[in-house]
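Peer 1: need a 3D model of the sequence below.
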Amino acid sequence: MGTRRTCADGFALLELLVVVSIIALLMALLLPAVGRARRLGRATVCLAHQRQVGLAARMYMDDHRGNMFHHHEGWVLDDGTQVAQLPADVSAVQGGGTGHSAAEIPWVILFHPYLNDRQVGFCPSDTTPRSAAFATDLRSFNGEISSVDDSPPTDSELAIAERDHLTIQSYLLNSVLSHKSARYALEGALHGFLSDTKIAGLQNPEMVMFSERNSEALNAVDNPEFGSVSQDDYDAWVGEAALVRWGPSAGSYRDDGWIRYDRHDGAANYIFLDGHAERRRWSRIRDLHFPDRIVRAPLNQPPE
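Peer 2: Model (predicted):
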């Protein structure tokens, strides 16, 4: 005699399908929330890393009489060249000085005695390939070269990173601490290097010290004009476009700049001069990159 199916069997199958459907619906509803939680977790770790970097920067400055390291001693013009004497007026600061030949001075190496762990120099949401060999001193980082005309040793961290387009750190130092901007001096915003002594007299003591590095664009193989693997600082005085939107001349990177201002759900983390770190949207941070809170060459439609 064959097995007879009952109504109860049919209802059990239907109920199973309903349960599966409900589970699928709940997963669809929960997955975005889980994704947001993960992003928030990465942003929080980034903020914790930045607080350690900010503390290291403050310790470095305290040990050097309130000064940051100087990249070079000349007055920097808008095109990155330098002159020994400050120009007579602001009309002469756009460029035309001597080329900058000094090798980069990496903050992540100079701060290492205060950081101890190179991992804090990275944001978890910066998913670009990271440096393969962490140096702890200039000799292993770039062979202690003094000029950009010199090639670092092939086994040095810098040489390997440049060859393979690897990220050395996820944060950029505001160059106002390590450079003398001719524009700032002639516009009355700041004369010379920003130091603790001058910070006390700033109209803008809440000024940004570190921003998140746009490693995706700066390390890109197809971005030779605007990219640079060794870039670990930024010159805010050249204008807002360089910070967040290079424009049509950058091709597919036209909507990129030095700073990754939207890394964490439309916002980014920043380190301030007193060493603390906060997450802010670009509209609430754009003026804090400048010593007088005046945005140089503002975009017509800056990011929100």
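Peer 1: please count neighbours and contacts with C-alpha atoms only from this point.
Peer 2: OK.
Peer 1: tell me, how many residues neighbour the nearest residue to Tyr114 once chain neighbours are set aside?
Peer 2: In space, and not counting its chain neighbours, Tyr114 is closest to Ala56: 5.1 Å by Cα to Cα, 6 or more residues apart in numbering. Ala56 has 21 neighbouring residues, counting by other Cα atoms under 10 Å.
Peer 1: what strand or helix carries Ala56?
Peer 2: helix 7-63 (DSSP states H and E).
Peer 1: what is that helix packed up against?
Peer 2: Other helices and strands packing on helix 7-63, by 3 or more Cα pairs under 8 Å, 6 or more residues apart in numbering; DSSP states H and E, are helix 112-115, strand 268-272, strand 277-280.
Peer 1: which parts of the last one are buried?
Peer 2: The reference is to strand 277-280. 277, 279-280 (16 or more other Cα atoms under 10 Å).
Peer 1: all helices for the chain, in order.
Peer 2: Using DSSP state H, the helices of the chain run over 7-63, 107-110, 112-115, 138-142, 157-164, 182-186, 196-199, 215-218, 240-244.
Peer 1: nearest spatial neighbour of Trp258, skipping sequence neighbours?
Peer 2: Closest to Trp258 by Cα to Cα, 6+ apart is Leu243, at 4.9 Å.
Peer 1: give the rounded mean pLDDT of stretch 173-191.
Peer 2: Averaging pLDDT along stretch 173-191 gives 97.
Peer 1: equivalent analysis for stretch 227-236, please.
Peer 2: 96.
Peer 1: residues contacting Glu144?
Peer 2: 138, 152 (Cα atoms under 8 Å, 6 or more residues apart in numbering).
Peer 1: one more: Arg139?
Peer 2: Contacts of Arg139 by Cα under 8 Å, 6+ apart are Ser156.
Peer 1: follow-up on the earlier one: looking at the helices and strands packed on helix 7-63, spot the one closest to Arg286.
Peer 2: Closest to Arg286 of the helices and strands packed on helix 7-63, according to Cα to Cα: strand 277-280, at 9.7 Å.
Peer 1: burial of Pro106, as a residue count?
Peer 2: 21.
Peer 1: okay but it is in contact with Asp232, surely?
Peer 2: Yes. Assessed by Cα atoms under 8 Å, Pro106 is found in contact with Asp232 at 6.9 Å.
Peer 1: list the buried residues for stretch 228-248?
Peer 2: 228-246.
Peer 1: chain center to that stretch: distance?
Peer 2: 10 Å (Cα atoms, centre = their mean, to the nearest Å).
Peer 1: span of it from start to end?
Peer 2: The first and final residues of stretch 228-248 sit 18 Å from each other (Cα to Cα, to the nearest Å).
Peer 1: can you check stretch 223-242 too?
Peer 2: End-to-end distance (Cα to Cα), stretch 223-242: 14 Å.
Peer 1: then stretch 93-108?
Peer 2: 30 Å.
Peer 1: just the buried positions in that stretch, please.
Peer 2: Here stretch 93-108 shows 93-95, 97, 103-108 as buried, counting by 16+ other Cα under 10 Å.
Peer 1: sorry, back to before: between the helices and strands packed on helix 7-63, which gets nearest to Ile199?
Peer 2: strand 268-272 (11.5 Å).
Peer 1: what does that closest one contact?
Peer 2: Contacts of strand 268-272 (Cα under 8 Å, 6+ apart): 43, 46-47, 50-51, 54, 206-212, 260-262, 277-282.
Peer 1: now, of these, which are buried?
Peer 2: Looks like those have 43, 46-47, 50-51, 54, 206-212, 260-262, 277, 279-282 buried, using 16+ other Cα under 10 Å.
Peer 1: dump the residue contacts of the residue lying closest to Ile271 once chain neighbours are set aside.
Peer 2: Distances taken as Cα to Cα, 6+ apart place Ala277 nearest to Ile271, at 4.3 Å, with adjacent residues excluded. With Cα under 8 Å, 6+ apart as the criterion, the residues that contact Ala277 are 47, 50-51, 54, 269-271.
Peer 1: kind regards, and thank you for your time.
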